[in-house]
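Asks: turn this into a model:
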Amino acid sequence: METTNIQTATKWALDPTHSEAQFKVKHLVISTVTGTFKKFDGSFESTNDKFENARIQFSIDVNSIDTNQEQRDAHLKSADFFDAEKFPKITFTSASFKLVKDDKYSLTGELTLKGISHPVQLDVEYGGTVVDPYGNTKAGFEVSGNINRKDFGLTWSAVTEAGSIVVSEQVKLQFNVQFVLQKN
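Replies: All right, here's what the predicted structure looks like:
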């Protein structure tokens, strides 16, 4: 009799206490502004301990944006940028999670921002898996990538008297995330 190797999917939930979601954008072409989202959620399922082909989902509460300046945060929540009243969530759903080399992965999926969806490619570095002092198995990842904000309808623009662009179109994404293995 032939046996088949059926692997059960493991489910992982984001540990928001040990995770962060940030973006960086050039301001006036001379400096970088960093923004953080304070509320976000995520999960993934995997059928192997290398996490290849994991199914990943992530959502961000737009109203939790914090750039360390209330007036700028209010502008970013307005219809000029995120339009948080109409579009309160940013979401990501993976299409592919592939091991590239060692602990480096390529993550592709669909990012939806301001009601507009586009495929994105992100780089992921796996930090490892450990059991914490409370018996919880945790896995850590650093995720980074770039998007063009105008692809997602964030088209507000201004130019200084000298002709400099106020806000760059390119936005760097940086997520440091820790996930907890869910017990069945």
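Asks: give me the number of residues near Ile60?
Replies: 23 (other C-beta atoms under 10 Å). C-beta: built from backbone N, CA, C; applies to glycine.
Asks: next, it: secondary structure please.
Replies: At Ile60 the chain is in strand, as set by DSSP: H, G, I helix; E, B strand; the rest coil.
Asks: surely it and Pro88 touch.
Replies: No - proximity of Ile60 to Pro88 does not meet the contact threshold set by C-beta atoms under 8 Å, at 9.6 Å.
Asks: Ala139 touches Val131, doesn't it?
Replies: No - using C-beta under 8 Å, Ala139 makes no contact with Val131, being 10.9 Å away.
Asks: more crowded one of these two?
Replies: Applying other C-beta under 10 Å to Ala139 and Val131 shows that Ala139 carries more neighbours, namely 21 against 10.
Asks: and the more buried one, which of the three is it?
Replies: Quick answer, by three-state DSSP: Ala139 is strand.
Asks: how many residues are close by the nearest residue to it once chain neighbours are set aside?
Replies: Nearest non-adjacent residue to Ala139, counting by C-beta to C-beta, 6 or more residues apart in numbering: Thr129, 4.5 Å away. Thr129 has 14 neighbouring residues, counting by other C-beta under 10 Å.
Asks: pLDDT score assigned to Thr129?
Replies: At Thr129, the model reports a pLDDT of 94.
Asks: ok, now Asp80?
Replies: For Asp80, the model assigns a pLDDT of 86.
Asks: and it, its phi and psi?
Replies: Torsion angles at Asp80 (phi, psi; degrees, to the nearest 10) stand at phi -60, psi -30.
Asks: distance check, it against Asn176.
Replies: Remark: distance between Asp80 and Asn176 (C-beta to C-beta, to the nearest Å) = 29 Å.
Asks: between the two, who's got more neighbours?
Replies: Taking other C-beta under 10 Å, Asp80 and Asn176 do not tie; Asn176 has more neighbours (16 against 13).
Asks: give me the sheet partners of the strand or helix carrying the more buried one and which way each runs.
Replies: Following DSSP states H and E, one finds Asn176 within strand 167-181. Applying DSSP bridges to the sheet, strand 167-181 is found paired with strand 10-14 (antiparallel), strand 20-27 (antiparallel), strand 137-148 (antiparallel).
Asks: dump these to CSV, plus mean pLDDT and distance to Phe51.
Replies: Formatted as CSV, the strands paired with strand 167-181 follow (pLDDT from 0 to 100; distance: least, C-beta to C-beta, whole Å):
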stretch, mean pLDDT, distance to Phe51
strand 10-14, 95, 9
strand 20-27, 82, 19
strand 137-148, 94, 8
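Asks: can I get the ones you listed in a markdown table with distance to Tyr105?
Replies: As requested, the strands paired with strand 167-181 are exported to a markdown table (distance: least, C-beta to C-beta, whole Å):
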| stretch | distance to Tyr105 |
| --- | --- |
| strand 10-14 | 15 |
| strand 20-27 | 18 |
| strand 137-148 | 8 |
